[in-house]
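[1] here is my input, please return the structure:
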Amino acid sequence: MRIPAVLALAFACLCPAFAADAAASKSAVSGAVILIPSSTHTVIGGLFELNAVITKEAHQKVENIILPASANIKFSLAEHQKGAQNDYARFELRFFDLGEVTVPSPEFVISSAVVRGEPFGVFVKGRLGEAEAEIKKLRPQKRGAFPKLIALIALLAALAAAYYFLRRKQVLVSPEEQMSPEEWYASALDALDRNTPVNELLDGLSDTFRIYLEKKRGLPAIFLDTSEIDAELKKRAFSTEERLKAVSFLRSCDLAKFAGQSFDEREIDKLFKDACSFAGIGGRGSS
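    Below you'll find the predicted structure:
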């Protein structure tokens, strides 16, 4: 009878030590994220706020915040407040798909461990009438380009014709001396009039990029909507970073034309810089 009593006493003495070790181990990786969306619904392209509360130990800190890479949701970190016990983060989201959309959680790196919150759903409605609910159905023209871009192409054609008739005794210009897709793209971007209304300006910017994709990679982007271009880029030799950046750029232009969203000068400058950066897109080969 004395042996079980001795074993019980020894176990009782050892239990606090085991509990302390377990608590210390847990605190080394502890951290939790609570996501607080501003609503359960929004409109396509509209600003949607997401707040996050990050709980951690006093000696820990949030080392990095990694935004999800999604072709249908544009994430940006608006604010990050650091605290001794809790951190608070505010994100701004814009949705580019209609219907029920699942929102993934940003990732928070706490003392080299990654924690995230629970995904949640948001219902995205269209800004326009039911008959025009999908951006895919909103692009009315299959023919084309911005009026000033057409004028530029017509001017280039007229110059080529004049050169031919004035120099018809000379040999035609060799292909190596003709304008490359990159040179044409830079010239077309320079020709866009920044003083035109925003929706026309960004429509012209979008069409210029679409025509460039066709000239450089044989992709008939001028006849496709943004979702179809996204699908084509996945099939071809484009990196994930190139595809996501191009789709985000085109959807921003779509918002100006189809949803009537306004853009300030800083946002327009960024879109033009993004457009210029696409000069080397899909550079691993040509169609």
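
[2] surely D254 meets D207?
    No: the criterion here is Cβ atoms under 8 Å, and D254 misses it with D207 at 11.7 Å. Quick note: C-beta positions are derived from backbone N, CA and C, even for glycine.

[3] ranges for the helices of the protein?
    2-28, 135-138, 147-166, 181-191, 198-217, 226-235, 240-258, 265-277 (DSSP state H).

[4] any weak-confidence spans in the stretch 151-287 of the chain?
    165-177, 282-287 (pLDDT under 70).

[5] tell me how the chain divides into domains.
    Under the assignment automatic domain parsing, the domains of the chain span 32-126, 137-280.

[6] mean neighbour count for the ones you listed - can I get that in CSV?
    Shown next, in CSV, are these (neighbours: other Cβ atoms under 10 Å):
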stretch, mean neighbour count
domain 32-126, 16
domain 137-280, 16
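
[7] hang on, the earlier thing: could you export the helices of the chain as JSON lines, including distance to I65?
    As requested, those are exported to JSON lines (distance: least, Cβ to Cβ, whole Å):
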{"stretch": "helix 2-28", "distance to I65": "21"}
{"stretch": "helix 135-138", "distance to I65": "30"}
{"stretch": "helix 147-166", "distance to I65": "40"}
{"stretch": "helix 181-191", "distance to I65": "34"}
{"stretch": "helix 198-217", "distance to I65": "30"}
{"stretch": "helix 226-235", "distance to I65": "26"}
{"stretch": "helix 240-258", "distance to I65": "18"}
{"stretch": "helix 265-277", "distance to I65": "21"}
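
[8] E92: which of those helices is closest?
    Shortest distance between E92 and those, using Cβ to Cβ, is found for helix 265-277: 13.0 Å.

[9] and the angle for the closest one with helix 240-258?
    130 degrees (axes from the mean of the first three to the mean of the last three Cα atoms, to 10 degrees).

[10] restricting to C-alpha, output helix 265-277 in CSV.
    Output of helix 265-277 as CSV, limited to C-alpha atoms (Å, rounded to 0.1, in the frame of the first residue of the first chain):
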residue,chain,number,x,y,z
GLU,A,265,-3.2,62.9,-60.2
ARG,A,266,-1.0,60.7,-58.0
GLU,A,267,-2.9,57.5,-58.8
ILE,A,268,-2.9,58.4,-62.6
ASP,A,269,0.9,58.9,-62.4
LYS,A,270,1.3,55.4,-60.8
LEU,A,271,-0.8,53.8,-63.5
PHE,A,272,1.3,55.5,-66.2
LYS,A,273,4.5,54.3,-64.5
ASP,A,274,3.0,50.7,-64.3
ALA,A,275,2.2,50.9,-68.0
CYS,A,276,5.8,52.0,-68.8
SER,A,277,7.1,49.1,-66.7
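
[11] so what touches that helix?
    186, 189, 194, 198, 201-202, 205, 208-209, 245, 249, 252-253, 263 (Cβ atoms under 8 Å, 6 or more residues apart in numbering).

[12] quick one, which of the helices of the chain is nearest to G46?
    helix 240-258 (9.4 Å).

[13] and of the contacts of helix 265-277, the nearest to L67?
    Checking the contacts of helix 265-277 one by one against L67 (Cβ to Cβ), the nearest turns out to be K245, at 13.6 Å.

[14] excluding its backbone neighbours, what's nearest the closest one?
    D274 (6.8 Å; Cβ to Cβ, 6 or more residues apart in numbering).

[15] now do that neighbour against S206, distance only.
    11 Å (Cβ to Cβ, to the nearest Å).

[16] now do F263
    Taking Cβ to Cβ, one finds F263 at 13 Å from S206.

[17] most centrally placed residue in the chain?
    S248 (4.1 Å; Cα atoms, centre = their mean).

[18] contacts only, for it.
    By Cβ under 8 Å, 6+ apart, the neighbours of S248 are A71, K74.

[19] then A191?
    A191 sits in contact with K148, L149, L152, where contact means Cβ under 8 Å, 6+ apart.

[20] could you find the closest non-adjacent residue to the last one?
    Distance criterion Cβ to Cβ, 6+ apart; nearest residue to L152, sequence neighbours excluded, is A191 at 4.8 Å.

[21] next: P68.
    Excluding the flanking residues, the one nearest P68 by Cβ to Cβ, 6+ apart is P104, at 4.5 Å.
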